[in-house]
Structure formats: C-alpha cells, structure tokens
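Undergrad: When you get a sec, could you give me coordinates for this:
(chains A, B and C)
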Amino acid sequence: MSRPSWQALLALVAVVAAVALPLADGRSTIFLVDDGLAGFLVVWTVGLAAIFAVWPAGREASIEALFIGAHAGAAYIYLFLPRFAAAAPAWTFGQRPADGSGPVGFGTFLADTAGFWGLFLAVWLLAWLLVTRLSLLRAGGRLGSLLLRILVPALFGIWLLFLWEVVTRALGVPPVLLPPPSAIGARIAASLPTLWADFRQTFLKAVIAGFAIGSGAGFLFALLVDRIPFLKRGLLPIGNLVSALPIIGIAPIMVMWFGFDWPSKAAVVAIMTFFPMLVNTLAGLDAADRIQRDLMRTYAASHGQTLFKLRLPAALPFIFNGLKINTTLALIGAIVAEFFGTPIVGMGFRISTEVGRMSIDMVWAEIAVAALAGSVFYGVMALIERACTFWHPSFRT
Amino acid sequence: MTAGTEIFAYAPKRPNILVRFLNSSFVAILVVAAAIVAIWYVGAVALNATAQNFADERAGVTRDWPDFVKATWSQDKPRLPAPHQVAEEVYNTTFLVPPTAKRSLVYHGWITLSSTLVGFVIGTLLGIGLAILIVHVPSLDRSLMPWIVSSQTIPILAIAPMVIVVLAAVGVVGLLPKAVISTYLSFFPVTVGMVKGLRSPEPMHLDLMRTYNASRWQTFWKLRWPSALPFLFVSMKVAVAAALVGAIVGEMPTGAVAGLGARLLTGSYYGQTIQIWAALFAAALMAAVLVGIVGLVGRLVFRHMGARPA
Amino acid sequence: MTDEAAAPRGAGILRAIAQKRSTPPLAAAAAGGAVVPVERAPAPVPPAPVVIDVRNLSLTFMTNDGPVDALSGIDLSVHRGEFISLIGPSGCGKTTLLRVIADLEQPTAGSISVNGVTPEEARRNRGYGYVFQAAALYPWRNVARNVALPLEIMGIDKAERDRRVAENLAHVNLTGFERKFPWQLSGGMQQRVSIARALAVEPDLLLMDEPFGALDEIVRDRLNQQLLELWAKTGKTVIFVTHSLPEAVFLSTRIVVMTPRPGKVHDVITSDLPRERDLDIRETPEFLKIAARVRDGLRAGHSYED
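TA: A predicted model of the protein is given here:
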C-alpha cells in the first residue's frame, strides 16, 4: 500500500479553507458560497479532484480529474481577479478602496483574502500533482510520447504564467516593477507595427547580415588555416581565448566606424560570430577518426577529396554547434550594440528608450519578440542540423 | 616480376632541437600574435589617414611618409589607436593614477570585477542546486529542463537595462542589480552542464552502486558528484565569461557612473577611442585571467582527485 | 580483375611456392640496404612472381620516452596468390608492418617494394585494398555509397561504380542492404561491407588488419570461411594480421610469427593443409601439428615479457 499523496491532502485542507474563509474584502466580504453556481462548481470540481488524487494507486485515473479540477479552479481565479483590485495591501502602490477607507496592513489583507489564497494554493497543488503524474506517465507509441514531451513543459510554462498573473494582480504589484502577462500580451497586440519595424531593423537586417558574414568568414578562414598547420597551432589558442572575451565591448567602436544604422550592428554581430565558428570548424575538421583518414590515404585521395568526402561531413556536427551558438550571440550582439546609438528604430533602441520612459510593458513586449525570434532562429538551425546530420549518434532512432 | 628488385632506402627522421622549437605551439602563438599586431599598425595608418590628411591640410603641414605614419599613430582621437597608444593608456590609468581616482582603470575594473564575482558565485551555486534538483526530481526534469534549455536561445542580455532601472526604481542600486544580471547569465550554463555531468556516470557504475544498496545520498557523493566535476569546470569557464559580459552591459544604462562598461559608454559619448580600447583591453585581460583561474582551480581539483593529467 | 591476375595459379603451385624462407634474418641484415636477389629458395615449380619484397626493414618511433623499435630487420617476400598471416603478441609490430606495406608508416631503414614499386607509388596506383580493425564506414553514407567511396575518389564513372558495388556486395552476401545505413547493421555485417569496399577497388593485393578481432567467435568462423571462398574464387594475394592462432592456421598458406621488443620475425611456417578447407579441418592432426608449431613460436615471443 503506497502512502497517500501529501499534495492532494494539503489541497483538500486548502479547499476547506477556501470555503470557510473570505475570498476578498473590498467594500464587502465575499465568500465562495456567495458566488452561486460558479462557486458551487469550483468547490466540487477542485475538491473531488483532490480526493481522487489522494491515493496514488489510482494514478492514471486521477490525471483527468486533476486536469479538470486544476483548470476549472484556475479559470475561476482568473475571472475573479478584477474584483481583487479593491483589496490591495498598503505596502504596494495598488489602488485604494473606492470608498476612501485607508490602506490596510499586509496582515489584514491576508486575513481578508485567505479564502482566495487557499483556493489558489489548492489549484496550484493539483497542477503540481498533474505535472508530476504526467511526467511519470509512459505513453505508448511515438506520437504519444512526443505529445507528452511537449505537453508537460507547456503545462508547466502556462502555470508559471498563471502564477505570475495572479501574484502581480492580486497583490497589486505596480506595473512599473513587473506587469502581469495579460498586460504584456495586450501591449504586444496594440503595438504590432512598432514591434515589426524594430524586428525588421534589428533581426532581418543586422542579425541576418552579421550572422551570415561572421559565420561564413569564420568557416572559410578555418578551411584556410587548416591547410597551414603552423597558423593553426598559433591561431587556435588565440581563437579560443577571444571566444571567451567580452567582444560586445567593441560595439561603440563599430558604431564610430560604420555609423548609426544597421551596418555597425551587423559588424558587431559578424565579429562576435566569427570566432566561435572558426574554433568549432577547426575542431570539427579534426573530428574524423584516424582509421577513416588512413582509409582515405590508402585510396591516395587528394586534399580536396579528403576534405569533401570525409572531413567536412565529419565536421558537420561541430559546424552546426557553432551556428547554434552564433544564433544567440548574433541577437545579443545586435540588441546590445543598439544601446550605443541607433536611428529611432530597433529592438535594442526600443528597450533602452522605453526603459527610460518607464513603460516596462513595452520592454517586456520587445523581450518577448526577441525571445521568440531567438528561439525560432535556433530552432530553424536545429532542424537544418537534423536534416544534415541524421547519421550522428545523437539523432539516430 | 624481373624488375621487382628495386630498393628504396629511407633515412631515419630525427628533427633537431631548433626545428622542434620552431614547430612548438608557443612560437606559433607568438608569430600569430605578432602578425595581428602588425596588421593592427597597418590598419591604424589606413583608418587614420583621412583624418590626418584633413588635419594637415588645415594646418598647412606637409609631411614625408615616415612622418605621416608616425602622425597617424599618435593622434589624439584616432579612429583606430595604435597598439602602443592603447598600452600607454592602460599603463597610465593603471599605475600612474591612484586607484581611487575616477580615471583609474583599477577603480573601474574593481567595480566590474566585484559584481562579476558576486554574480558568478551566486549563479554557480544556484545552477548546481537547480541541477541537483532536476536530476533527482523526475517531474522537474520533464517540466523545467526544456525551459532551461530553450531559454539559452533567448537573448537574455536584452533585459539587462530593465533589471537595472526597475531595481533602481524600488531603491536597489549599486553592486546588486549588476550582480543580478551576472547571476542570471551565469547560472544557465552551469545548470545545463551540471545536469549533463550528474547524468554522466555510466549505467554500469550506477548499477554497481545499486548492488551495494547505496543510498541516494551516497550515490550522489561517491559517484555523481565526482563524475560531474569536469562538466562543472567547463561550464564554470563559460559562466564566468558570461558573468563579466553581464556586469559590463549592466553598467551601461545606469547613467554610466562607474565600471568598465561605463568607461566604454562615456568613451563613445566623447569620442575617446583610446579610452574605449583601454577599457576593452582591461575587460579582455580580466576575462582571460578569470577563465584561467577557473581552469587552474579545475586542474588542481582534478590533480587532488588523482585524475590523470590531460 | 585486371589482366595481370591471369597468372597461373592453383592449389598445387601455391603450396609448392609457399614455403619458409631459408635465409635467416641475420644474413639479410648483413647485406644492408644493398640490392639483394629476390628468388633464393629453390622451387620445384616456376614460382609465382613476388608481390611484396621486404629487406632488412626497421622502423623506430620517436616517443617522449625515447626511441622505440617497432620493427627491426624484417625480411619477407610474398608471392602472388599467397595467403599470409602475421601473428604475434601485442607490440610485436605486425600491424606496423602491414601499415608500412600500405605506406601508412614510413620505415627508418631497409627497403621495401610493393608490386615492384615503392609503397607510396603502389598506394597512388591503388595497388591494394586495406581492411581495418574497425569497419570505418562513413555514417553519413548508406552501404552502397560506402562501397562506392573509393571508386568515386578514383574517378570511376557511375555505371561502372554501380556494377562493382552490386558485384562486391554479392561477394560478401549483402545484396539487398544497399540502402541501409551502417548503424543499422550488426558488427559482422559492417565488417563485410568494409571488405566489399576494399574489394571494389579490384586490387590484386588485400591487406587486412585484424578485421574480425572485434567480432564474436561464431560470426568470426563464418566470415573466415567466406573469406577463404572469396580468396579461392579471386586468387588475390592476402596479408592478414591476427592475434588468433586458430584463425591464422585455418586461413593461411604461410604463417609469420613475430615477437616484440624489438618487433622481429621469429618463425615462418608453411602450411600444407589443402587449399580448400572447411571448419572441420581444425580437428585434424595436420592442423593441430601446425598450430602447435605456431604456439611454440608465440610462447617464445611471450617469454620476453617475463
């Protein structure tokens, strides 16, 4: 007999607390039971899901119940949030009660809203159990396991956003400090043209151009250096050293040399991406093992034949490793270089000016775009890598 | 096969000491470094020539070419300062100025270094802790790990100005906000490296611990931790470099008060190229030394563990 | 098959010519690097031509711990159609000798000719096929393209490449596996692909460096038999490095026993087993007699280690 799940037991206690204690106290105290059908449904779905989940013996069966209970509770909490603004505690910059009564202390605030936090805790515990049990699940079939591999982190991410949303709004965290995700989403929707213009300036011009020039030059230079062993011995340690240096610091110099517009950012990106590519390609060209080289030698293969038929294919995993490192470096380089002066467009420019104007939601919007662009850029590289190096042990199925 | 009696004798090869010395990496590195300096000098002439011509024309000076080259190497605000100008600036602002002065590289370097180190230490500890959790809690592995891996593709540095300004808005200024950025940048590589390292023991070794009925804790200390150390030091090298970049970028939006990042920014405001290059060199030197120290500590640890020197 | 291979051969002739060299190594060493006549052993039948001629060959590696004599005063001549095994304990230089023949190592003294020219020229003429300890297949090429690799390098046209790939995969019983990738095959199949790859060059000389060393006994037996059939069918000259005594005796017409530190030829044993053999021959007294002699030689080699 396995032990009962402590998360589920605690969730049950929290549901009881949620029923017994007030949800919010703005102008009037609200209890869960006051909220009619919605309150009734939430208590029972969350409570039943917790009861179902107590005994891990019913692990698989409890997953559906947990899923429904957790998300029904989350939906209720989300819809309840607007009623909460009235109850913000004094230690934040939140709005005061409309009737002019003074700000409340944090203790009073918690006591007045304990039912809400109880429900929130219960819902979170259910979500935690849900993710835990989902991650222990072994799906049959390839599609099933792929779906599960996506579902678990996706759920986790969504619940993290939910936590962020509830905490910032319920506690009345000032938007200057940390805006709730919904406000950031609204901001993104409202300023799509600006975001697109910035994206075009920074990503489509500076990042792509710099990435192509830097990686291409690094690759070609590696091929050249590879032919001259002396240069290779001398350059490899220096290249490794330079790869670890804060190259980003050359941004002001590049702005001086190439002007305010995107070419100076492309130059920074090109220099930042050059060395990782050089070092990785050189390492990759040495990756073919000895027997494979001896084999080419027994065929009396020329330098070019050995290069194209053996060493470059064997170097591909390293080359793609360099390219993947470079996707991130390129975006960082372009954005940070814009801190040193740009025309009035670009992601780095927008971040630094909006920070100055304290419109933090716009900054978060830009960061969301940058994160998306970075992930997609990386993802595209990873896909190309998979297609080119399907034979590598890390991809074999 | 009547002609099959040809004889081919080979002389033994034994390179003499001079040849071996010339073939050593040390000489190769020196030669490449010298070549870079030479290219730099030539580049300084090329990039500064226009400004020099312009200045000479206005002053009505005509120069022969050795004098002209010398002039391009000694401008006040050159497009590309010559190596010796940078070296001179580094020397002057390091040794000839009291370390408390605003012009002192030591002063600015120390400010950057302190937030780098604070951030690096916190970030490394955080990264190790998170990795231990991820390895031992399966649900965290499946839910959190994908986010940590994919967050490496995000240009995290972009949030640096926001962190600085937001923390300043709630009254946190000085070393801490920069250390936060350094922490943030350095804990990702450590987490990823340590998860890989803690997972690196072969199944056979784990099975061996199982046959001893070793506890999780014993398996961790006697097997997982030692096998993770090489991964830890590799990722710590990446982390310390990232922490330095974080500190430098973190110094830029605070109104450029102090630190190497601030030196870069004020230099770019006032066109003080020599100052920029000097700050760059100080940063590069610091990065090299920090990475070197981490590598050295790693080697000492491995030697203490009795590992074969690589 | 090139036209050279049309030289007379047959079990009787081969057995007749495949005999131990009568000259002790020291006599050849005294000759230094000078020209030495090839045919010294009187043969009852006109002997097959010499394919490989090694005279007083030495190779010293420079290591951090000082010079190491990998090979010292090796003499050996190999005639067309022979199956020679090099056997000995590790460090006896058997692989090094094979690599010198393939021009993968350069000797420091002595002389060597392969197909009448230097090993380097022989390599440039694609005069031999080499099979390594590991299959060394390229993981990014499927089986057919792996076998075609040397042919691409030699600049042979597509139609001929396809013909040779099909023919040689059939030789090693791998027809139907053309589109598989190496990692989808078992170790034994991979090694068969690598043999097909060596055969695709259509060399008269096949150099094999412990090709079955990593395989299990059963697979090794089967591949040994296939190799013998192939050898009988094509009449190639084979030099085969191994550390397995039964393998050496089962396969070879002559067995060269080597001893380490420095790498030397200790004994050369001519096998009088019939050319056509199956695995049961390993139970016969003739087989055991040869095996015993080889074992004596190996013991002598191992005694150096005590």
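
Undergrad: burial measure for the residue lying closest to residue A:316 once chain neighbours are set aside, as a count.
TA: Among residues not flanking residue A:316 along the chain, residue A:389 sits closest, at 5.0 Å (CB to CB, 6 or more residues apart in numbering or on different chains). Quick note: C-beta positions are derived from backbone N, CA and C, even for glycine. When counting by other CB atoms under 10 Å in any protein chain shown, one arrives at 19 neighbours for residue A:389.

Undergrad: right, and residue A:389 touches residue C:140 too?
TA: Yes: counting by CB atoms under 8 Å, residue C:140 is a contact partner of residue A:389 at 7.5 Å.

Undergrad: Identify the contacts common to these two.
TA: Residues touching both residue A:389 and residue C:140 by CB atoms under 8 Å, 6 or more residues apart in numbering or on different chains: residue A:316.

Undergrad: Could you chop chain A up by domain?
TA: Listed by automatic domain parsing, the domain ranges of chain A are A:6-174, A:190-388.

Undergrad: So which of these is the most surrounded?
TA: Highest mean neighbour count of the domains of chain A: domain A:190-388, a mean of 21 (counted as mean count of other CB atoms under 10 Å in any protein chain shown).

Undergrad: about what we covered before: residue A:251 versus the residue nearest to residue A:316, what's the distance?
TA: Going from residue A:389 to residue A:251 by CB to CB, to the nearest Å gives 34 Å.

Undergrad: still on that earlier bit, any idea how far the residue nearest to residue A:316 is from residue A:210?
TA: 25 Å.

Undergrad: before we move on, what about residue B:226?
TA: 42 Å.

Undergrad: now do residue B:27
TA: Residue B:27 is 34 Å from residue A:210, by CB to CB.

Undergrad: hang on, the earlier thing: so for the residue nearest to residue A:316, what's the pLDDT?
TA: Note on residue A:389: pLDDT of 82.

Undergrad: Residue C:20 now?
TA: Confidence for residue C:20, expressed as pLDDT, is 36.

Undergrad: Strands along the chain, start to end?
TA: All of this refers to chain A. Assigned by DSSP state E, chain A shows strands spanning A:24-25, A:29-30.

Undergrad: nope, chain C
TA: Going by DSSP E, chain C shows strands at C:50-63, C:66-79, C:83-87, C:109-114, C:128-131, C:205-209, C:237-242, C:254-259, C:264-270.

Undergrad: any chance of those strands in JSON lines, with mean pLDDT and mean neighbour count too?
TA: Below are the strands of chain C laid out as JSON lines (pLDDT from 0 to 100; neighbours: other CB atoms under 10 Å in any protein chain shown):
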{"stretch": "strand C:50-63", "mean pLDDT": "85", "mean neighbour count": "21"}
{"stretch": "strand C:66-79", "mean pLDDT": "84", "mean neighbour count": "20"}
{"stretch": "strand C:83-87", "mean pLDDT": "91", "mean neighbour count": "26"}
{"stretch": "strand C:109-114", "mean pLDDT": "87", "mean neighbour count": "24"}
{"stretch": "strand C:128-131", "mean pLDDT": "88", "mean neighbour count": "27"}
{"stretch": "strand C:205-209", "mean pLDDT": "90", "mean neighbour count": "23"}
{"stretch": "strand C:237-242", "mean pLDDT": "92", "mean neighbour count": "25"}
{"stretch": "strand C:254-259", "mean pLDDT": "88", "mean neighbour count": "25"}
{"stretch": "strand C:264-270", "mean pLDDT": "85", "mean neighbour count": "20"}
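
Undergrad: Any regions of chain A where pLDDT drops low?
TA: Scanning chain A for pLDDT under 70 picks out A:1-2, A:25-29, A:33, A:56-61, A:84-108, A:139-140, A:394-397.

Undergrad: Residue B:45 and residue B:74 touch, don't they?
TA: No: counting by CB under 8 Å, residue B:45 does not reach residue B:74; the two are 11.5 Å apart.

Undergrad: and the two? which has more neighbours close in?
TA: Using other CB under 10 Å, the more surrounded residue of residue B:45 and residue B:74 is residue B:45, with 18 against 14.

Undergrad: now check the helix or strand hosting the more buried one, is it near chain A?
TA: Using DSSP states H and E, residue B:45 sits in helix B:25-59. Yes: against chain A, helix B:25-59 shows contacts by CB under 8 Å from any CB of the partner chain at B:25, B:27, B:28, B:29, B:30, B:31, B:32, B:33, B:36, B:47.

Undergrad: wait, does that helix contact chain C?
TA: No: Helix B:25-59 stays clear of chain C (CB under 8 Å from any CB), getting no nearer than 15.7 Å.

Undergrad: Quick check: buried residues in that helix?
TA: With burial defined by 16 or more other CB atoms under 10 Å in any protein chain shown, the residues of helix B:25-59 counted as buried are B:28, B:29, B:31, B:32, B:41, B:44, B:45, B:48, B:52.

Undergrad: With pLDDT added, can I get those in JSON lines?
TA: Shown next, in JSON lines, are those (pLDDT from 0 to 100):
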{"residue": "B:28", "pLDDT": "82"}
{"residue": "B:29", "pLDDT": "84"}
{"residue": "B:31", "pLDDT": "86"}
{"residue": "B:32", "pLDDT": "84"}
{"residue": "B:41", "pLDDT": "88"}
{"residue": "B:44", "pLDDT": "84"}
{"residue": "B:45", "pLDDT": "83"}
{"residue": "B:48", "pLDDT": "82"}
{"residue": "B:52", "pLDDT": "80"}
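
Undergrad: For residue B:97, give me phi and psi.
TA: phi -120, psi 140 (degrees, to the nearest 10).

Undergrad: pLDDT value on the residue nearest to residue A:393 when sequence neighbours are not counted, please?
TA: Distances taken as CB to CB, 6+ apart place residue C:183 nearest to residue A:393, at 7.7 Å, with adjacent residues excluded. The per-residue pLDDT reported for residue C:183 equals 85.

Undergrad: doesn't residue A:390 make contact with residue C:183?
TA: No: Residue C:183 is beyond contact range of residue A:390, at 10.5 Å (criterion: CB under 8 Å).

Undergrad: Which neighbouring elements make contact with the helix holding residue B:45?
TA: If contacts are counted by 3 or more CB pairs under 8 Å, 6 or more residues apart in numbering or on different chains; DSSP states H and E, helix B:25-59 sits against helix A:229-243, helix B:65-72, helix B:83-95.

Undergrad: hmm, back to that, go through the residues of helix B:25-59 next to chain A and name the one nearest chain C.
TA: Of all those, residue B:25 has the smallest distance to chain C: 15.7 Å, by CB to the nearest CB.

Undergrad: Read off the pLDDT value for that closest one.
TA: 75.

Undergrad: coming back round to it: contact partners for the residue nearest to residue A:316?
TA: Contacts of residue A:389 by CB under 8 Å, 6+ apart are A:316, A:317, A:320, A:395, C:140.

Undergrad: out of those, which one sits closest to chain B?
TA: Nearest to chain B among these, counting by CB to the nearest CB, is residue A:320 at 13.9 Å.
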